[in-house]
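1. no sequence on hand, only this structure:
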């Protein structure tokens, strides 16, 4: 494990919660991640939503570090992690996690995933159950209903044409209540900053658009089918 100069700290409280920010080479990409909490404690992995990064967990980490070792990481195509050409699949994101844990010599973890992070957690529970101690699924799903597809198609079209910035405002309005947004809480700025760092596939900056790639992952979600196949 090597601390690299281009590793990206996850939020304004990174120094307060402690732990090195590192980039780990796993599954043919560099994964940006950050440890917090006592080294010998049970490990909790926090997996973020689509179009965010490990900064999403900024307010939860202080509540966990007294009793757990916390690992936040940026999913492929997000935050400070590499963004190789897509499309991405949910199995690929799950394999990224296993490769990361193997590179860090970590056998089993508690998993907390929100939205896309919860989908990754379900994928791991089906394909690699021996690597999980527990599974916490937050605001996620195992299947996207057919009637939701037009919404995702619209988002993909916007991302392809204009990049992520036009989607920022409406996304923050879905994630936060109006009073919270009006309070000008610092964490909202960091969520918005995550969006501003994202570039669409045709941009000169070599960074794949997670809203586009992630939307394709979501539209192909069939975790219940995978579970049924596992039980046969």
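-> It's in. Small disclaimer: the values here were computed from a predicted structure and weren't measured. Numbers count the residues shown, from 1 in each chain.

2. which residues does the residue nearest to the spatial centre of the chain contact?
-> Compute the mean C-alpha point of the chain, and by Cα atoms, centre = their mean the closest residue is residue 48, 3.2 Å away. Under the criterion of Cβ atoms under 8 Å, 6 or more residues apart in numbering, the neighbours of residue 48 are 54-57, 72, 74-75, 78-79, 114, 116-117. For glycine as for every other residue, the C-beta is placed from the backbone atoms N, C-alpha and C.

3. can you pull the phi/psi pair for it?
-> Main-chain dihedrals, residue 48, degrees, to the nearest 10: phi -90, psi 180.

4. mind checking how far it is from residue 56?
-> 4 Å (Cβ to Cβ, to the nearest Å).

5. surely residue 82 forms part of a strand?
-> No - counting by DSSP: H, G, I helix; E, B strand; the rest coil, one finds residue 82 to be coil, located in no strand.

6. tally of neighbours for it?
-> 17 (other Cβ atoms under 10 Å).

7. which neighbours do residue 48 and residue 56 have in common?
-> Jointly contacting residue 48 and residue 56 under the rule Cβ under 8 Å, 6+ apart are residue 114.

8. residues in a beta bridge with the closest residue in space to residue 40 that isn't next to it in sequence, which ones?
-> Once flanking residues are discounted, residue 40 sits nearest to residue 69: 7.5 Å by Cβ to Cβ, 6 or more residues apart in numbering. Residue 69 forms beta bridges with residue 43, as assigned by DSSP bridges.
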